[in-house]
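Student: pasting the structure only:
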């Protein structure tokens, strides 16, 4: 199969060579080049230049110089240098991995002390002298190597050889100056056959015709919607990629925060990236930027407002527009619209124009039709150029300047010294600086979370209950414990189906007060109970608050009890109680109906020697 394929390719290439007369064109070009070489004796001059070049190489031992430079480069042991750098990096990594924090801080403090001593004992004059001495040694070494390799003489010989080549080319340019420009053009025309030009015209015509058909059949609104849809898809892919990368980063941040007990800090970072911040509106004389949010959420919502601005040097005002990047394809593109009238520099008024996209498309198609119907004619060289010669052209006066290479050596370089006597510096003292010591005591919680669960499952009745006691302390100075209980029953008898949620919480904020909170919530089809209580102890102050709400609801009857009790102890005892009761009863069987609303409010104060109710 491979042989057959190669044979087919060979036949196609041979056919193309015969159709385009490639062999004849190559022969014609070769004949013209041989005629030029014979006329201007190019081969003789080239032979003379080649002999001079070989003589130059042999005379200055160029091969030996290249061999010496190559040997010098080979003697540089790059491998050892690289291995040494890798070894030092590995040692540094092992040292960092084996460092203890305490020793690490001590080493940094020693290093800072050393840096401060070096800065205080720095001698500027001696430093500049040492640098200049090193520069002189390096310069002398490089100049000695240049002298040993005779690079100066070899560069001079290369300069002479390049000037000889330039003189030969200048001689050819002078001989070419008397040649007619029409002869050059005719020679180029002879290289191009009519078959090549016709093929080029046909290819160009096919391309223009294809462009014309595409424009003629184009639905402008459909094309705009397609590109807007692609832009929305691109934006969606970009936001998805950013979201995926952020989700991975957020997981890493959460893991690190939990590992180093920085959970609160990690939550703040994640919340900042998700919700970001709002930049207020910016108003200037020319531009108005509305309020916008910089956050990942704003990118996902994809709704933006463009700035409103006035085009510079005009009174043309561009209003702000709200754009949803996910709904760009819903934007209606008008085929016909008007441009507003505006003034440039308060002098030139640009009137309003009506732009019709279909008319523009029609004009483009008509222009392409005119181009396709026109005929290309190659101009006659005798008519256009006449007796014009090459020396009459602008580039005929081009000459090759003589090349002058500078002397090959490293110049003397000296770093000047500053005259510090004319400068007045204030007394600068470097303060003592040390890193704080890292504490080595670790606080390990003695209690975490204790949980228990109890389940009863039967075809008639099921019960699921759970209880837990948890240490929710965040700060060492603010301990907190939480106990919770939850139970849920389901049964075919609705009377024994209920939900119970209860919790108790004890905390000591900043070890300044003790707070106890408890809550109970019972939910039943007919009964609902909601109870909340809180007791606060702080020095000689104590305050308690209890609120209980109970309701009973049936199909025809309802009852509600609401009771609030507040107790305060601070040099005196204050008790406040507010009770409200109401019911609506309707029992048709015994012809009984009742509606009652009761409210009782009691405030009691007990002080030394008296009581007030």
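Tutor: Everything's here; your move. Keep in mind that what you see is a predicted model, and the values were worked out from it rather than measured. Residues are numbered from 1 along each chain as shown.

Student: so what secondary structure elements neighbour the longest helix seen in the chain?
Tutor: Longest helix of the chain, by residue count under DSSP state H: helix 220-259. In this structure, helix 220-259 packs against helix 263-275, helix 296-301, helix 357-373, with contacts taken as 3 or more CB pairs under 8 Å, 6 or more residues apart in numbering; DSSP states H and E. C-beta here means a position set from N, CA and C on the backbone, and glycine is covered the same way.

Student: Quick one: closest of those helices to residue 167.
Tutor: helix 357-373 (49.4 Å; CB to CB).

Student: for the chain, what helix or strand is lowest in average pLDDT?
Tutor: Using mean pLDDT, DSSP states H and E, helix 381-385 stands out as the lowest-scoring helix or strand of the chain, at a mean of 58.

Student: what element comes up after that helix heading to the C-terminus?
Tutor: Tracing the chain C-terminally past helix 381-385 and defining elements by DSSP states H and E, one meets strand 449-457 next.

Student: Can you name the next helix or strand after that next one?
Tutor: strand 461-471.

Student: I figured residue 566 hits residue 601, correct?
Tutor: No: contact criterion CB atoms under 8 Å: residue 566 and residue 601 do not qualify, at 11.6 Å.

Student: Those two: which is more packed in?
Tutor: A direct count of neighbours by other CB atoms under 10 Å for residue 566 and residue 601 places residue 566 higher, at 15 against 10.

Student: Would you mind putting the helices and strands packed on helix 220-259 into TSV with distance to residue 413, mean pLDDT and mean neighbour count alongside?
Tutor: Output for those, formatted as TSV (distance: least, CB to CB, whole Å; pLDDT from 0 to 100; neighbours: other CB atoms under 10 Å):
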stretch	distance to residue 413	mean pLDDT	mean neighbour count
helix 263-275	51	82	14
helix 296-301	55	88	15
helix 357-373	65	85	12
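
Student: Take these and lay them out in CSV including distance to residue 312.
Tutor: Putting those into CSV (distance: least, CB to CB, whole Å) gives the following:
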stretch, distance to residue 312
helix 263-275, 36
helix 296-301, 29
helix 357-373, 27
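
Student: which one of those lies closest to residue 500?
Tutor: It is, among those and with distance given as CB to CB, helix 263-275, at 31.2 Å.

Student: Residues touching the closest one, excluding its own?
Tutor: Helix 263-275 has contacts (CB atoms under 8 Å, 6 or more residues apart in numbering) with 246, 250, 253, 254, 256, 257, 258, 295, 296, 297, 474.

Student: Run a quick neighbour tally on the fifth one.
Tutor: It refers to residue 256. By the criterion of other CB under 10 Å, residue 256 has 12 neighbours.

Student: quick one: common contacting residues for residue 566 and residue 601?
Tutor: residue 577.

Student: How much space separates residue 483 from residue 466?
Tutor: 12 Å (CB to CB, to the nearest Å).

Student: Check residue 209 too.
Tutor: Distance from residue 209 to residue 466, by CB to CB: 80 Å.

Student: Which of the helices and strands packed on helix 220-259 sits closest to residue 47?
Tutor: Per CB to CB, nearest to residue 47 of the helices and strands packed on helix 220-259: helix 357-373, 52.2 Å.

Student: Which strands or helices does the closest one pack on?
Tutor: Packing partners of helix 357-373 (3+ CB pairs under 8 Å, 6+ apart): helix 194-216, helix 220-259.

Student: Let's see that with 10 Å instead.
Tutor: helix 194-216, helix 220-259, strand 336-338 (3 or more CB pairs under 10 Å, 6 or more residues apart in numbering; DSSP states H and E).

Student: nearest to residue 131, of these?
Tutor: Among the helices and strands packed on helix 357-373, helix 220-259 sits nearest to residue 131 (CB to CB), with 45.8 Å.

Student: Can you get me a residue count around residue 328?
Tutor: When counting by other CB under 10 Å, one arrives at 19 neighbours for residue 328.

Student: I misspoke; the intended subject was residue 128.
Tutor: Counted with other CB under 10 Å, residues neighbouring residue 128 total 15.

Student: tell me the pLDDT at it?
Tutor: Listed pLDDT for residue 128 reads 79.

Student: And it, its phi and psi?
Tutor: When quoted as degrees, to the nearest 10, the phi and psi of residue 128 stand at phi -70, psi -40.

Student: how much space between it and residue 413?
Tutor: Separation of residue 128 from residue 413 (CB to CB) stands at 13 Å.

Student: What of residue 167?
Tutor: As judged by CB to CB, residue 167 and residue 413 stand 38 Å apart.

Student: Next: residue 54.
Tutor: Residue 54 sits 39 Å away from residue 413, going by CB to CB.

Student: go on, residue 44?
Tutor: From residue 44 over to residue 413 the distance is 49 Å, taken as CB to CB.

Student: Ok, residue 226 next?
Tutor: Separation of residue 226 from residue 413 (CB to CB): 64 Å.

Student: Below-threshold pLDDT in the stretch 251-400 of the chain: ranges please.
Tutor: Applying pLDDT under 70 to the stretch 251-400 of the chain picks out residues 260-262, 374-400.

Student: which SS state does residue 118 fall under?
Tutor: The three-state assignment at residue 118 reads helix, by DSSP: H, G, I helix; E, B strand; the rest coil.

Student: quick thing: my sequence starts at 140, can you match it?
Tutor: Taking 140 as the first residue, the last one we looked at is residue 257.

Student: Can you list the buried residues in stretch 591-607?
Tutor: Within stretch 591-607, no residue counts as buried by 16 or more other CB atoms under 10 Å.

Student: What residues does the closest residue in space to residue 483 that isn't next to it in sequence make contact with?
Tutor: Nearest residue to residue 483 in three dimensions, chain neighbours excluded: residue 453, at 5.2 Å (CB to CB, 6 or more residues apart in numbering). Residue 453 is in contact with 481, 482, 483, 484, 485, 487, 489, counting by CB atoms under 10 Å, 6 or more residues apart in numbering.

Student: Of all pairs in the residues you listed, which one is the farthest apart?
Tutor: The distance between the two most remote of the contacts of residue 453 (CB to CB) is 12.5 Å, for 485 and 489.

Student: Look at those two and report which has more neighbours.
Tutor: residue 489 (13 against 9).

Student: Distance of the nearest residue to that one once chain neighbours are set aside relative to residue 452?
Tutor: Sequence neighbours aside, residue 481 is the residue nearest to residue 489 in space, at 5.6 Å (criterion: CB to CB, 6+ apart). For residue 481, the distance to residue 452 (CB to CB) stands at 10 Å.

Student: So for the two, which sits in the more crowded spot?
Tutor: Each of residue 481 and residue 452 has its neighbours counted (other CB under 10 Å); residue 481 has more, 16 against 10.

Student: The more buried one touches residue 488, doesn't it?
Tutor: Yes: here residue 481 reaches residue 488: they are 7.7 Å apart, a contact under CB atoms under 10 Å.

Student: Now do the shared contacts for the two.
Tutor: residue 454.

Student: ok, the spatially most central residue of the chain - contacts?
Tutor: Residue closest to the average C-alpha location in the chain (CA atoms, centre = their mean): residue 381, at 9.1 Å. Counting by CB under 10 Å, 6+ apart, residue 381 touches 435, 438, 439.

Student: Need these in a markdown table (columns: distance to residue 676).
Tutor: Formatted as a markdown table, the contacts of residue 381 follow (distance: CB to CB, whole Å):
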| residue | distance to residue 676 |
| --- | --- |
| 435 | 45 |
| 438 | 50 |
| 439 | 48 |
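
Student: name the helices or strands packed onto the one helix or strand residue 145 maps to?
Tutor: Under the criterion of DSSP H and E, residue 145 resides in helix 141-158. Packing contacts for helix 141-158, counted by 3+ CB pairs under 10 Å, 6+ apart, involve helix 161-179.

Student: average model confidence for the helix it packs on?
Tutor: Averaging pLDDT along helix 161-179 yields 70.
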